[in-house]
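Trainee: Give me a model of this one.
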Amino acid sequence: MKLNKILIILFFILGFQATEILYSQAVPSKEENIPFLVTFGKQSGTSWGDDDFYQVWFFSVPRDFKQPFYIRVFDPDCGGEYDEIHGDFNTRTLFSIFGGKGVDPDQNEESKGLLNGDNYKRGTLLKSQYFKGEARYDNKYFSFGPFNPTEGDYNKKWNVFIFKLVCEGVSGDDGNLYKYFMSRDPNNNIPVEGGNAFTYEYTFRMWNDPRSLSHIYPYVDTGVVFVKQRNFDWDDDGEITISSRYKQGVPGRISKENDWNESRVRIEPEEIGASLDFMFRKKQGRPEDMVKNNNVVMTIENQYGQAMKFYSSPIGGVPKYEAKTNITKIPKPK
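Mentor: Predicted coordinates for the structure are as follows:
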């Protein structure tokens, strides 16, 4: 094989791998295929698809990563191309990044952001900034940092430093749609090798196109017997199905407008130590009858009522269903 042909093949292989690594640092990730995170101003009604008007995400940095890094927010303002307007844009959003003791949700239950009050702000405030409708931030990234990895809260089990990013709709009634990226560069999306992001309550925008399939990937740790998925304000719009390397297409109940619904899924031994795949699809039908710009909330608990992590880049990769077939040997006729 000629040298130039070998180089071309290597270029495509490495280019593909680099793309996969690049997307693994995005929130939402390529694998999730979710258009945006969403947080509404606290004067909004919950029927617009946000149950508490804040959202908490965690970013993990491997202990052996020694370089400064940044957390970039795409389209942090509320008043432009993607955001959801109610009357006139009047929403003020606060993004805050925390490190230090109290951030790690494995050690501090309140840090998960699932309880009432301001308990989710535990930790040391490293950076924060308010955004309104500033056009200079519309459809662009804003970078927080640089941060030293050791400024995070160390988690011994995963051997990572953890940082927390809280987005709050402090005033107004509009929906702020945005994305995150953890990067080694303030001006470009260059991934932190081995980094990841996770949350316990996922508030996001559904696609308007019923052909688009979105996913979230909760991790199943040791000791989980069943999981309970809870979803809010699904507007009876489509379907949820749950798959893993052991099961395929198990249906989950969906909620109506401004309401919660839930269902349980049994966990088999083969599913421990891997991620589940929760898939979301809009209801099929005439375009004029479809719910537009549907914002929804998802949480998942184990049998003890403990919230489970959704990893943006699924632990162990996207689960692939492994069909098991029983083959019966037919004896030869005598």
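Trainee: Which secondary structure element of the chain has the lowest mean pLDDT?
Mentor: Using mean pLDDT, DSSP states H and E, the weakest-scoring helix or strand in the chain turns out to be helix 3-24, at a mean of 39.
Trainee: mind listing what the very next helix or strand once past that one pairs with, with the direction of each?
Mentor: Sequence order places strand 26-27 as the next helix or strand after helix 3-24, per DSSP states H and E. Strand pairing for strand 26-27, using DSSP bridges, gives strand 175-183 (antiparallel).
Trainee: what's the following helix or strand after the partner strand?
Mentor: Criterion used, DSSP H and E; the element after strand 175-183 is strand 196-199.
Trainee: packing partners for that following strand?
Mentor: strand 54-62, strand 310-311 (3 or more Cβ pairs under 8 Å, 6 or more residues apart in numbering; DSSP states H and E). C-beta here means a position set from N, CA and C on the backbone, and glycine is covered the same way.
Trainee: Can you flag the weakest of the ones you listed by average pLDDT?
Mentor: The weakest mean pLDDT among these belongs to strand 310-311, with a mean of 94.
Trainee: if we look at it, which residues are touching it?
Mentor: Residues from elsewhere that reach strand 310-311 (Cβ atoms under 8 Å, 6 or more residues apart in numbering): 196-200, 202, 216-219, 275, 298, 300.
Trainee: Relative to the whole chain's centre, how far out is it?
Mentor: Its chain's average C-alpha position is 6 Å from that of strand 310-311, according to Cα atoms, centre = their mean, to the nearest Å.
Trainee: sorry, back to before: could the contacts of strand 310-311 go into CSV alongside pLDDT?
Mentor: Formatted as CSV, the contacts of strand 310-311 follow (pLDDT from 0 to 100):
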residue, pLDDT
196, 95
197, 96
198, 96
199, 97
200, 97
202, 97
216, 95
217, 96
218, 95
219, 94
275, 94
298, 97
300, 96
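Trainee: Compare those residues and tell me which is most surrounded.
Mentor: Tallying neighbours with other Cβ atoms under 10 Å puts residue 218 at the head of the contacts of strand 310-311, with 28 neighbours.
Trainee: from the contacts of strand 310-311, which two are the most distant?
Mentor: The largest distance within the contacts of strand 310-311, taken as Cβ to Cβ, falls between 196 and 298 and amounts to 18.2 Å.
Trainee: List the contacts of the residue nearest to residue 34 when sequence neighbours are not counted.
Mentor: The shortest distance from residue 34 to any non-neighbouring residue, by Cβ to Cβ, 6 or more residues apart in numbering, is to residue 28 (3.8 Å). Counting by Cβ under 8 Å, 6+ apart, residue 28 touches 34-37, 179, 204, 312.
Trainee: Let me know the pLDDT of residue 28.
Mentor: 96.
Trainee: Dihedrals phi and psi, it?
Mentor: Backbone torsions for residue 28, taken as degrees, to the nearest 10, come to phi -70, psi 160.
Trainee: Would you quantify the distance from it to residue 118?
Mentor: 26 Å (Cβ to Cβ, to the nearest Å).
Trainee: which residues of the stretch 151-300 of the chain fall in strands?
Mentor: For the stretch 151-300 of the chain, the strands defined by DSSP state E, counting those that start in this stretch occupy 153-155, 160-171, 175-183, 196-199, 201-205, 214-216, 219-220, 226-232, 239-243, 250-252, 260-266, 274-275, 277-281, 295-301.
Trainee: Including distance to residue 138, could the ones you listed go into CSV?
Mentor: Listed next are the strands of the stretch 151-300 of the chain as CSV, based on distance: least, Cβ to Cβ, whole Å:
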stretch, distance to residue 138
strand 153-155, 33
strand 160-171, 17
strand 175-183, 11
strand 196-199, 23
strand 201-205, 17
strand 214-216, 24
strand 219-220, 35
strand 226-232, 28
strand 239-243, 32
strand 250-252, 36
strand 260-266, 33
strand 274-275, 34
strand 277-281, 27
strand 295-301, 19
